Structure formats: C-alpha cells, structure tokens
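S.K.: Predicted structure and sequence below. I'll ask about it afterward.
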Amino acid sequence: MRRSASRARGSLDLQSATLNAMSNYPHPIIAREGWPYVAGSFAVALAITLAAGWLWALFFWLIAFFILQFFRDPPRPIPTDARAVLAPADGRVVIVERTQDPYLQREAIKVSVFMNVFNVHSNRSPADGLVREVWYHAGQFVNAALAKASLENERNALWIKTADGTDITCVQVAGLIARRILCYVKAGDTVARGQRYGFIRFGSRVDVYLPVSAKPRVSVGDKVYASSTVIAELG
C-alpha cells in the first residue's frame, strides 16, 4: 500500500511539474531562434518543387526537415527538489570528474553534456538562483566532445548562487560547427530551475561545475534531458 501510494504521489508530482513547465513555456515548440532558418529552408524547397519537381527538390526537403528537427524545443517536466541539480541541455554525459573550476578558482565536481546535431539545443538553468556574473571568452571551435574544448573553445559562463549560498558555474561551449552562443541573462538576474536562458547553434556542450560536496547522479555515457534529468544532488 505504501509503495502504491508513493508511486501515485510521484506520478502526480511529475504531472504537476509537466503542466507547470508547459503553462510557463515562453514560445511554441519550435525555438524562436530557428524561425528564420525553418521558414527559409521550407521556402527554398517549395520553390524548387514548383519549378523543377519533387525529384530535384528532395535534397532540399531533407535539409528543411533536418533544420526543423534541430530547432525543436519542447517543454519538459521540472523536478522541484531544491537540492537537485538539473541537466542544462539534452545530450550525452562525456565528463564526470573532480577538477578545478577555472571561473571561481575552486575544486569542483564537473559534469559535461555533449549535444550532437540531433539533440535539442535549448539551454536551461540547472538550479534556482541569482546570476552573480557572466563571462564570455572568444576561442576556437574544436570538437566539443573533447576535454580541451572547455578551455580552448568559444564559451559563455554563468555564476549562479543559490538561496543557501551554493555556487554553481554553468558554461555554454561552442563546438566544431557551432558558431553562435546565445545567452539571454545577465549579472543581477534571477533564474529558476529549468528556465530557458540560451541556445547554441549547431552542435556543442554545456559544462556544470558544482561544489565537491555534490553527489553526481549520472555517469559518462548516460543520456540526459534538459530540465527533467537530475545530474547531481547538492550536499
């Protein structure tokens, strides 16, 4: 009976989180950053279809549908546990290690999520807090799956301080073909867990640096989903 009640409560919490995420979703299921690309690619494919037929236009329709899927940005359920650190992006975990946080100059637990061109590229805040600082660094565009990308590639870092004083560093890192990092928050802004704060085009990664007391809940190779996957718990 207790297990059934617990499962029922968990299901209700998930449904509530899903409804809350959807009700607060700021835009349609296609990311606003993609509207010009989607409209342009479909217009070209349609024009070629009308002028030359389906056979000649097939390649352009494939491109159009690839662009459409790249810019999808669905709402997600958001866990409400204040100690949970949420995935900032969709993708595959490529690093879970103890290392140096290059922004706050501290020992930290680092979790890195690599996004390939088939993942959703909307970036979400991993926790509730105040944005204390934003750092942008120009850099290279090596494969974002490589460890050196964290320090050599173009990147944009947020320092988030939670209500209990915990410091979290969340870093958008450009990739091999990613040429544009978009960040919509600045120092002094408050962010909520799961809040959409940025976007990266096309293929990239996000690094999260946590206090060494944090307990990772993912391993290298795991697939994670922005806002809905818990990647760590704060100690």
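M.R.: Structure received. Numbering: from 1, shown residues only.

S.K.: and residue 48, how many neighbours does it have?
M.R.: The local packing count at residue 48 equals 17, with neighbours defined by other CB atoms under 10 Å. All C-beta spots, glycine's among them, are computed from the backbone N, C-alpha and C.

S.K.: nearest residue to it other than its sequence neighbours?
M.R.: The shortest distance from residue 48 to any non-neighbouring residue, by CB to CB, 6 or more residues apart in numbering, is to residue 57 (4.1 Å).

S.K.: quick one, phi/psi of the one you found?
M.R.: Main-chain dihedrals, residue 57, degrees, to the nearest 10: phi -90, psi -10.

S.K.: wait, isn't it in contact with residue 49?
M.R.: Yes. Assessed by CB atoms under 8 Å, residue 57 is found in contact with residue 49 at 4.0 Å.

S.K.: So for the two, which residue has more residues nearby?
M.R.: Remark: of residue 57 and residue 49, residue 57 carries more neighbours, 19 against 16, as counted by other CB under 10 Å.

S.K.: Using neighbour counts, pick out the buried residues of the helix or strand where residue 66 lies.
M.R.: Per DSSP states H and E, residue 66 falls inside helix 54-70. Of the residues in helix 54-70, 57, 60-61, 64, 67, 70 count as buried by neighbour count, 16 or more other CB atoms under 10 Å.

S.K.: Over to the residue sitting nearest the centre point of the chain. Which of the three states is it?
M.R.: Centroid-nearest residue in the chain, with CA atoms, centre = their mean: residue 89, separated by 2.1 Å. The three-state label given to residue 89 by DSSP: H, G, I helix; E, B strand; the rest coil is coil.

S.K.: All further residue positions should be reported with the first residue as 40.
M.R.: With 40 as the first residue, the last one maps to residue 128.

S.K.: what's near enough to touch the closest residue to it other than its chain neighbours?
M.R.: Spatially, and ignoring its direct neighbours in sequence, residue 128 is nearest to residue 245 (4.4 Å; CB to CB, 6+ apart). With contact set as CB atoms under 8 Å, 6 or more residues apart in numbering, residue 245 has these partners: 127-128, 130, 151-152, 154, 162, 209-212.

S.K.: So which of these are in strands?
M.R.: Among the contacts of residue 245, the ones falling in strands (DSSP state E) are 130, 151-152, 154, 162, 209-212.

S.K.: Report the separation between residue 212 and residue 162.
M.R.: 11 Å (CB to CB, to the nearest Å).

S.K.: In which helix or strand does the nearest residue to residue 139 once chain neighbours are set aside reside?
M.R.: In space, and not counting its chain neighbours, residue 139 is closest to residue 146: 6.5 Å by CB to CB, 6+ apart. According to DSSP H and E, residue 146 maps onto strand 145-154.
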